[in-house]
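Enquirer: 3D, please:
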Amino acid sequence: MSTIKLNLENSGVYEKDILKYSQKVFDIHNKMNENADNNEEFLGWVNLPTKYDKKEFEKIRQAAQKIRKDSDVLVVIGIGGSYLGARAVIESLTHTFFNMIPVEKRKAPKILYAGNNLSPKYINDLIEAIGDLDLSINVISKSGTTTEPAIAFRIFREILENKYGIQEARKRIYVTTDKSKGALKKLSKEEEYETFVIPDNIGGRYSVLTPVGLLPIAVAGIDIDKLMYGARLAQEKYNDDNLKYNDCYKYAVARNVLYERNKLIEILVNYEPKMHYFTEWWKQLFGESEGKEEKGIFPAGVDFTTDLHSMGQYIQQGRRDIFETVISINKYNSDITIKTDGDNLDGLNYLAGRKLSYVNEKAMEGTVEAHVSGLCPNIILEMEDLSEESIGHLIYFFEKACAVSGQILGINPFNQPGVEEYKKNMFRLLEKPGYTE
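Expert: From the prediction side, this is the model:
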């Protein structure tokens, strides 16, 4: 059974510290459950694993089958929550070099991404990499006017129309957008694109288990039923209003206890490169949710052991305003046994017969021990394995922990008023109508 085990032994946060928050967490829990089905609140994700739209889910499955059948490449066009969740799941659950291995082994289109930056070099390189391969696109935007994905969609729509003609291009464009309003919804209706709905009561960074993430995830060949099953197990497990027995809420509280101790930066640590984009998704989830009113823990991420050779020194002996949350994976479905070498010039024969996963595990244990001795608290989250169920479980764990943590902090974890500021300046400098003053 997929599960997450919380280990606070190296955090410096004790049961008595956590249970002081019992009443506050109890109140937050009840308020969230009371408002979970209120469309005015952004809490639709709370019951999503049990209340998702089954018809839309089947529609996703059918569209994914069509894309897998007629396309060599799927370009996912979106930014922030519109693509990070999907990429996090795809990269954590597929082959590390998914797009490089032969299609016979991959058994799915290559998944590539656009609309997440404004670099002409990136777009031109992407177009060159696609070449003459058969192509479909999934554009994801609630409004359809977000600058980065809107520009990318305009470019790739023209490529499709020039390559296939307007009628065939329409069959290769899949739109995930608002149910009833917005520029993208209007265009989709006019052009008769196949559309999927972004629920009104689920914000972008909480949307990975909606059509926003599920369509590209399904195209990659990942079992979305198992993904939702893992999330459903988490929904059931973390619906306990008793803080003492709820690891998700304990993690939310432990973060705030450390924050009160001037631990202002949380580093999410993984020892598996496939989890890199999961960290990127987590950074947006917590950064956009908590960074308000001059409050909030700054979310950062590292890939160990790689970043031990770049960031390790600072974490060990730099400013003591850091704590780490380490994702530990218990079981791997792939391993390597280190062999004996006759010359032993590299001095590695002491590891002969050992599995590489064992070496990785000891690197993690040694690093935790070192960082804790350097006054950097460590929270450890143990995952059973890298599977659809475990990733679905972890997604829900972090979403709920983030919502509770933000409310403990006293801010609204579901809005993002600050991101509009740079857009106003950019639009003014670009002389967009209405922004020139």
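Enquirer: C-alpha only now, for contacts and for neighbours.
Expert: Will do.
Enquirer: name the SS class of I380, please.
Expert: strand (DSSP: H, G, I helix; E, B strand; the rest coil).
Enquirer: thinking D335 is in contact with R354, fair?
Expert: No. Applying CA atoms under 8 Å as the test, D335 and R354 come out as separate, 10.2 Å apart.
Enquirer: neighbour-wise, which of those two wins?
Expert: More neighbours surround R354 than the other of D335 and R354, with 14 against 11 (other CA atoms under 10 Å).
Enquirer: got the phi/psi numbers for the more buried one?
Expert: For R354, the backbone dihedrals are phi -80, psi 150 (criterion: degrees, to the nearest 10).
Enquirer: how near is it to V368?
Expert: 21 Å (CA to CA, to the nearest Å).
Enquirer: check M383 too.
Expert: Counting by CA to CA, the gap from M383 to V368 is 17 Å.
Enquirer: try R205
Expert: Distance from R205 to V368, by CA to CA: 29 Å.
Enquirer: over to E382?
Expert: 14 Å.
Enquirer: more crowded one of those two?
Expert: The residue with more neighbours, out of E382 and V368, is V368; 20 against 16, by other CA under 10 Å.
Enquirer: tell me the contacts of that one?
Expert: N378 (CA atoms under 8 Å, 6 or more residues apart in numbering).
Enquirer: that one - that's part of a helix, no?
Expert: Yes. The assignment for V368 (three-state DSSP) places it in a helix.
Enquirer: report the rounded mean pLDDT for stretch 154-166.
Expert: Computed over stretch 154-166, the mean pLDDT rounds to 97.
Enquirer: now do the buried residues in that stretch.
Expert: Under the neighbour-count criterion of 16 or more other CA atoms under 10 Å, stretch 154-166 has 156-157, 160, 164 buried.
Enquirer: how about residues contacting that stretch?
Expert: Contacts for stretch 154-166 (CA under 8 Å, 6+ apart): 135, 137, 167-169, 172-173.
Enquirer: narrow the residues you listed to those that are buried.
Expert: Of the contacts of stretch 154-166, these count as buried by 16+ other CA under 10 Å: 135, 137, 169, 172-173.
Enquirer: closest one to R232 out of those, please.
Expert: I137 (29.4 Å; CA to CA).
Enquirer: and the closest one, helix, strand or coil?
Expert: Classified using three-state DSSP, I137 is strand.
Enquirer: hmm, back to that, give me the subset of the contacts of stretch 154-166 lying in strands.
Expert: Among these, DSSP state E puts 135, 137, 173 in strands.
Enquirer: make sure L6 is actually in contact with Y245.
Expert: No. Using CA under 8 Å, L6 is not in contact with Y245; the gap is 11.0 Å.
Enquirer: so for these two, which sits in the more crowded spot?
Expert: Ranked by neighbour count (other CA under 10 Å), L6 and Y245 place L6 first, with 17 against 12.
Enquirer: could you pull up the residues touching I379?
Expert: I379 touches 6-11, 323-326, counting by CA under 8 Å, 6+ apart.
Enquirer: what about the stretch 201-350 of the chain, any weak spots by pLDDT?
Expert: Within the stretch 201-350 of the chain, no stretch has pLDDT under 70.
Enquirer: quick one: the strands in it, in order.
Expert: 265-270, 298-303, 322-331 (DSSP state E, counting those that start in this stretch).
Enquirer: for the longest one, buried residues please.
Expert: The neighbour-count check on strand 322-331 (16+ other CA under 10 Å) flags 322-329 as buried.
Enquirer: how close does Q407 get to F97?
Expert: 39 Å.
Enquirer: the more surrounded of those two?
Expert: Per other CA under 10 Å, whichever of Q407 and F97 has more neighbours is Q407, with 19 against 10.
Enquirer: which secondary structure elements does the helix or strand containing the more buried one contact?
Expert: Assessed by DSSP states H and E, Q407 sits inside helix 388-409. Contacts defined by 3 or more CA pairs under 8 Å, 6 or more residues apart in numbering; DSSP states H and E place helix 388-409 against strand 4-7, helix 22-35, helix 224-237, helix 247-260, helix 276-290.
Enquirer: again, only this time at 10 Å
Expert: strand 4-7, helix 22-35, helix 48-51, helix 84-93, helix 224-237, helix 247-260, helix 276-290, strand 378-385 (3 or more CA pairs under 10 Å, 6 or more residues apart in numbering; DSSP states H and E).
Enquirer: in PDB, list the C-alpha atoms belonging to the first one.
Expert: To tie it back to what came earlier, the one meant is strand 4-7. Output in PDB follows, covering the C-alpha atoms of strand 4-7 (Å, rounded to 0.1, in the frame of the first residue of the first chain):
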ATOM      1  CA  ILE A   4       4.200   8.400   3.400                       C
ATOM      2  CA  LYS A   5       6.000   8.000   6.700                       C
ATOM      3  CA  LEU A   6       7.000  11.200   8.500                       C
ATOM      4  CA  ASN A   7      10.200  11.000  10.500                       C
END
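Enquirer: could you shift the numbering so residue one becomes 53, and keep it that way?
Expert: With 53 as the first residue, the last one maps to strand 56-59.
Enquirer: any residues touching the next helix or strand after that strand, and which ones?
Expert: Next helix or strand after strand 56-59 toward the C-terminus (DSSP H and E): helix 67-71. Under the criterion CA atoms under 10 Å, 6 or more residues apart in numbering, residues 60, 77, 294-296, 301-306, 308-309 lie in contact with helix 67-71.
Enquirer: among those, which one lies nearest to Q336?
Expert: A304 (16.2 Å).
Enquirer: what residues does that closest one make contact with?
Expert: Shown in contact with A304 (CA under 10 Å, 6+ apart): 70, 77, 449-450, 452-461.
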